[in-house]
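1. My questions concern the predicted model and sequence given below.
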Amino acid sequence: MLKQITSLLAPACLFLCPQARAQTVVYSLTYAETRASFHARFANVSPFPGRRTDDENLSMIRGTRKTEIYSLSLATGKSTLLFSDEGPHFEIRNTGALASGGKAYYLGAWRERRTTPSPMVATEEGMYEISLDASNHFRKIAEAQPNQPPAILNPQCTKAAFQTYNDKYIVSIYSVPEWKLLHTWDLNALFKAHCPACTPVTYGWLADGKRLYFDITEVGDDEDATSPANKPGTYLVSEEGVDLGGVSPQTGDVPFDGYVHANFVEPHFLGQLPGGANLFQDYAVKKGGLVSNPRPYLVIANSDPKAQKEFPMKFTVARAVPSPSGKYLAFIEDRHTPDYRTELHLWVKDLSSGEEKEVFAAPPPNPPNAPEPNVTLSLLGWLSD
């Protein structure tokens, strides 16, 4: 099924233009067992742990069957396997951070059976650096913190940010590749200043690699949540934790005939292009139509209003990743099927022409009795142009 879908989405050149050459987007596929696929995979394995091999016991306690990382060339539409954690010992989570030099950083675990001081399965969790050259090389570079989320790297790949929660939101900044702690600060100060009833939704780095943005939204519908003191939106913070104020949305012209700007919907900040232009996802509604069906569009806001661009979007996106050159934008669509399942589709948009192409699709989730594992598609980013 997966092979059939990808073959349909791989034309000779995804954007028939010279700029598509050397543009390479990176994604991962994580295979999670259904109940039936697990039993089918281990059908010939003894139900008694003492009668299994060490590798069989280790394979059966994995959280997923495997995660594979691929690159996809925009010039050819060809996907190339860069890394796989398939096997009994090493397992990575399905989201990671793409770094320079053909590396990526993932939270992972190495498992092995040891006999001393007593028979046991030892698990070594941590932050791992993996090589994206099909060698399957990896090394542990730092210990994992409790409930640690994936790393968010700045565009220069020199710093990593982690947002954790333990009674309060804490942000930690590390140097890369040394993984030395540089700063730790309390994000709740930002909420107290701008939106006491808010919680963070997304965050990331700006193009300069020194400032971060946090998209925060109100939670609940009680009196506190609807207080005028709450001003949800996107706010900037220095890497040292200094509040730098909010990001002002720039709507621009609506790129749909017969539509007007949806003033009742908060624009969604998607980040910055390498040159510093802000990316917003905004919304429009049909004149005289239902306000419950807004259409999304992309705004590329420059310091020069004459250089601002607006492009229609086929659907809303939660996260978008620009290429290092700023020529392309990659994002994932959550497409709902008639039987109420969700397919994940990878798209790339040309930020000069507005043209967008679907470049990969994963099948929807299987029912528990399906003999094949479920596949989750994740977007990592881009290799250098």
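-> Thanks, I have the structure now.
2. I'd like to know how many residues surround I300.
-> As a burial measure, I300 scores 22 neighbours (other C-beta atoms under 10 Å). The C-beta positions use only the backbone N, C-alpha and C, and glycine is treated the same way.
3. What confidence value was assigned to it?
-> Looking at I300, its pLDDT reads 94.
4. you'd agree N57 is in a helix?
-> Yes. The assignment for N57 is a helix, going by DSSP: H, G, I helix; E, B strand; the rest coil.
5. any idea what sits nearest it, other than its immediate chain neighbours?
-> P49 (5.7 Å; C-beta to C-beta, 6 or more residues apart in numbering).
6. go on, F90?
-> Using C-beta to C-beta, 6+ apart, the nearest residue to F90 is W110, at 5.4 Å.
7. Need the phi and psi values for that neighbour.
-> phi -110, psi 130 (degrees, to the nearest 10).
8. quick revisit: how far away is the residue nearest to N57 from T123?
-> In this structure, P49 and T123 are 16 Å apart, going by C-beta to C-beta, to the nearest Å.
9. now do S227
-> On the measure of C-beta to C-beta, S227 and T123 end up 46 Å apart.
10. Next, count neighbours for F315.
-> F315: 12 neighbours (other C-beta under 10 Å).
11. Enumerate every residue touching it.
-> Taking C-beta atoms under 8 Å, 6 or more residues apart in numbering, we find F315 in contact with 296, 333-335.
12. Can I get those in a markdown table including pLDDT, secondary structure and distance to A197?
-> Conversion of the contacts of F315 to a markdown table gives the following (pLDDT from 0 to 100; DSSP: H, G, I helix; E, B strand; the rest coil; distance: C-beta to C-beta, whole Å):
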| residue | pLDDT | secondary structure | distance to A197 |
| --- | --- | --- | --- |
| P296 | 95 | strand | 26 |
| E333 | 96 | strand | 31 |
| D334 | 95 | strand | 27 |
| R335 | 94 | strand | 33 |
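13. I'd like these as JSON lines, with distance to D304 and neighbour count appended.
-> Below are the contacts of F315 laid out as JSON lines (distance: C-beta to C-beta, whole Å; neighbours: other C-beta atoms under 10 Å):
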{"residue": "P296", "distance to D304": "24", "neighbour count": "18"}
{"residue": "E333", "distance to D304": "31", "neighbour count": "17"}
{"residue": "D334", "distance to D304": "34", "neighbour count": "12"}
{"residue": "R335", "distance to D304": "36", "neighbour count": "15"}
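14. Greatest separation within these: which pair is it?
-> P296 and R335 (14.4 Å; C-beta to C-beta).
15. where along the stretch 151-300 of the chain do the helices fall?
-> Assigned by DSSP state H, counting those that start in this stretch, the helices in the stretch 151-300 of the chain fall at 188-194.
16. in the sheet, who's paired with E356?
-> K349 (DSSP bridges).
17. now swap in P296 and tell me
-> Counting by DSSP bridges, the residues bridging with P296 are Y283.
18. re the thing from before, just give the number of residues close to the residue nearest to N57.
-> 10.
19. Ok, N278 next?
-> N278 has 23 neighbours, counted by other C-beta under 10 Å.
20. Over to C198?
-> Using other C-beta under 10 Å: C198 sits among 22 other residues.
21. and what of the one 5 residues further on?
-> The tally of other residues near Y203 (other C-beta under 10 Å) stands at 20.
22. Could I get the contacting residues of the closest residue to it other than its chain neighbours?
-> Nearest non-adjacent residue to Y203, counting by C-beta to C-beta, 6+ apart: F214, 4.6 Å away. Residues near F214 by C-beta under 8 Å, 6+ apart: 187, 190, 200, 202-203, 234-235, 237.
23. for Y165, same thing?
-> Counted by C-beta under 8 Å, 6+ apart, Y165 has contacts N147.
24. Please apply the same query to L72.
-> 24-27, 78-80, 346, 359-360.
25. List only those of those flagged as buried.
-> The neighbour count (16 or more other C-beta atoms under 10 Å) marks 24-27, 79, 346, 359-360 as buried among the contacts of L72.
26. Can you flag which of the residues you listed belong to strands?
-> Members of the buried ones among the contacts of L72 lying in strands (criterion: DSSP state E): 24-27, 79, 346, 359-360.
27. Can you report how many residues lie near V265?
-> The burial count for V265: 15, using other C-beta under 10 Å.
28. what's the distance between the closest residue to it other than its chain neighbours and P255?
-> Excluding the flanking residues, the one nearest V265 by C-beta to C-beta, 6+ apart is Y283, at 4.3 Å. Applying C-beta to C-beta, the value for Y283 to P255 is 12 Å.
29. Need the overlap of contacts for those two.
-> With C-beta under 8 Å, 6+ apart as the test, Y283 and P255 both reach Y297.
30. Who has more neighbours out of those two?
-> Y283 (22 against 18).
31. any idea how this structure splits into domains?
-> 156-247, 248-321 (automatic domain parsing).
32. I'd say A160 and V171 touch.
-> No. Here A160 lies out of contact with V171, judged by C-beta atoms under 8 Å, at a distance of 11.1 Å.
33. circling back to that earlier point, a markdown table for the contacts of L72, including pLDDT?
-> Formatted as a markdown table, the contacts of L72 follow (pLDDT from 0 to 100):
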| residue | pLDDT |
| --- | --- |
| T24 | 94 |
| V25 | 96 |
| V26 | 96 |
| Y27 | 96 |
| K78 | 94 |
| S79 | 95 |
| T80 | 96 |
| L346 | 97 |
| V359 | 95 |
| F360 | 95 |
